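Trainee: Provided below are the primary sequence and the corresponding predicted coordinates.
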Amino acid sequence: MCVSDGYEVLGELGRGGMGVVHRARDPRLGREVAIKRFLGDWRHDPESQARFAREAQVLARLNHPNVVRVHDYRAEGEPYLVMDLLTGGSLADRLRGGKPLALPERARRLLDVVEGGFTVYA
């Protein structure tokens, strides 16, 4: 399965209300990436496409260990973001395991989110 613009889709990682995330390979750079493909009627609205393009450009300028990096995007037609591929499972997966996080780990995770948020809004 291939996505236009040269990315080779290797498999689905997850699905949500706004779209689907795929594990993919960027053959030009020889690395694996995550591609988030967006779903919904807004994909065909020029104003929404312009807003998505602006948001992708802002995200691409961020550089913080707690914020995933954006490498590429497309706003028209079938919009998508190409991002770093993160491995190791999600916090949601960890919490579904039934074992609550200890207080020090909860505090570390909260600080990670806050530090990343300050980067976004600074």
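Mentor: Sure thing, it's come through. The structure presented is a predicted model; accordingly, all values stated were derived computationally and were not measured. Numbers count the residues shown, from 1 in each chain.
Trainee: need the helices for this structure, in chain order.
Mentor: Taking DSSP state H as the criterion, the chain carries its helices at 46-61, 91-96, 103-121.
Trainee: Mean neighbour count, distance to Val70 and mean pLDDT added to the ones you listed, as CSV?
Mentor: Every residue, glycine included, has its C-beta placed from N, CA and C. Formatted as CSV, those follow (neighbours: other C-beta atoms under 10 Å; distance: least, C-beta to C-beta, whole Å; pLDDT from 0 to 100):
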stretch, mean neighbour count, distance to Val70, mean pLDDT
helix 46-61, 14, 4, 86
helix 91-96, 11, 20, 73
helix 103-121, 11, 12, 72
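Trainee: For Ile35, find the nearest of the ones you listed.
Mentor: Ile35 lies closest to helix 46-61 among those, at 12.6 Å (C-beta to C-beta).
Trainee: What is that closest one packed up against?
Mentor: Under the contact criterion of 3 or more C-beta pairs under 8 Å, 6 or more residues apart in numbering; DSSP states H and E, helix 46-61 touches strand 70-74.
Trainee: contacts for the strand it packs on?
Mentor: Contact with strand 70-74 is made by 5, 26, 33, 52-53, 56-57, 59-60, 62, 79-84, as judged by C-beta atoms under 8 Å, 6 or more residues apart in numbering.
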